[in-house]
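Trainee: give me coordinates for this.
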Amino acid sequence: MKKLTFVIAMLGLSSLCWAGTARQDAADRLDNSAKVLHQVMDAPDKGIPEEVLEGAKCIAVVPNMIKGGFIFGGKHGKGVATCRTENGWSAPAFFTIGGGSAGLQIGVEGVDLVMIIQNAKGMEHLIASKFEIGTDASAAAGPVGRHASANTDWKLDTEILTYSRANGAFVGATLEGASIRRDDDSTRAIYGRKASTRAVLTGKVAAPDAARAFLNAVSGAKAVARAGN
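Mentor: Numbers count the residues shown, from 1 in each chain. Okay, the predicted model is just below:
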């Protein structure tokens, strides 16, 4: 009986340790994503154009996608996303990304990825929380600079604009074949229950305190870009 009690106690302790680690990982990811967006705002001439940010239905960030100096192909990352609602930006949804190729050079130690979801169809793919770029959702390398080119090709039918950041500059990224999946562990750790991605991204779930810096950075990105005119 004592052995059984001990085993149950250890299992409970392990669960608590797991929850604490997963919660901290998710909170760190939110903070790092906020830093990535602040860096976009601090370098508007080398970042995401104002027009792209203004038209965004959702914004997703994967901080530190690469560590170790290898090409992205086959690597994995964890990110967060938020979408526009009638009451502002939604609580963040957590996801993983894997496969595909960002076309990055060997020797890069850390790469940040930003995805701008441009329309309702792209938003539905994100809400579905399981899709493949290039197969289920169209994507293209996004324009870079203070303003997007007068050429509007980047607006046409493309659901997701993608950017990677290395060595302080954002460039368009190719993510053909990359798959996006819901991160159940982080979702459960932050929200305390298995909240659906749809509920989170459509504003039916309250944003946690840990998301404040990230959501402030998302809200401030457009305002800073406009102020740079």
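Trainee: quick one: low-confidence ranges for the chain?
Mentor: For the chain, the stretches flagged by pLDDT under 70 are 1-20, 43-46, 66-75, 100-110, 147-157, 166-174, 222-229.
Trainee: quick check: longest strand of it.
Mentor: Longest strand in the chain by number of residues, with DSSP state E as the criterion: strand 76-85.
Trainee: which neighbouring elements make contact with that strand?
Mentor: Under the contact criterion of 3 or more C-beta pairs under 8 Å, 6 or more residues apart in numbering; DSSP states H and E, strand 76-85 touches helix 2-42, strand 58-62, strand 93-98, strand 112-117, helix 120-128, helix 197-201, helix 212-227. C-betas here are computed from N, CA, C, even on glycine.
Trainee: change it to 6 Å
Mentor: The helices and strands touching strand 76-85, judged by 3 or more C-beta pairs under 6 Å, 6 or more residues apart in numbering; DSSP states H and E, are helix 2-42, strand 58-62, strand 93-98.
Trainee: contacts for the helix or strand following that strand next, please.
Mentor: The helix or strand immediately downstream of strand 76-85 is strand 88-89, counting by DSSP states H and E. Residues outside strand 88-89 that contact it (C-beta atoms under 6 Å, 6 or more residues apart in numbering): 82, 215, 218.
Trainee: mind doing that once more with 8 Å?
Mentor: The contact list for strand 88-89, computed with C-beta atoms under 8 Å, 6 or more residues apart in numbering, reads 82-83, 215, 218-219.
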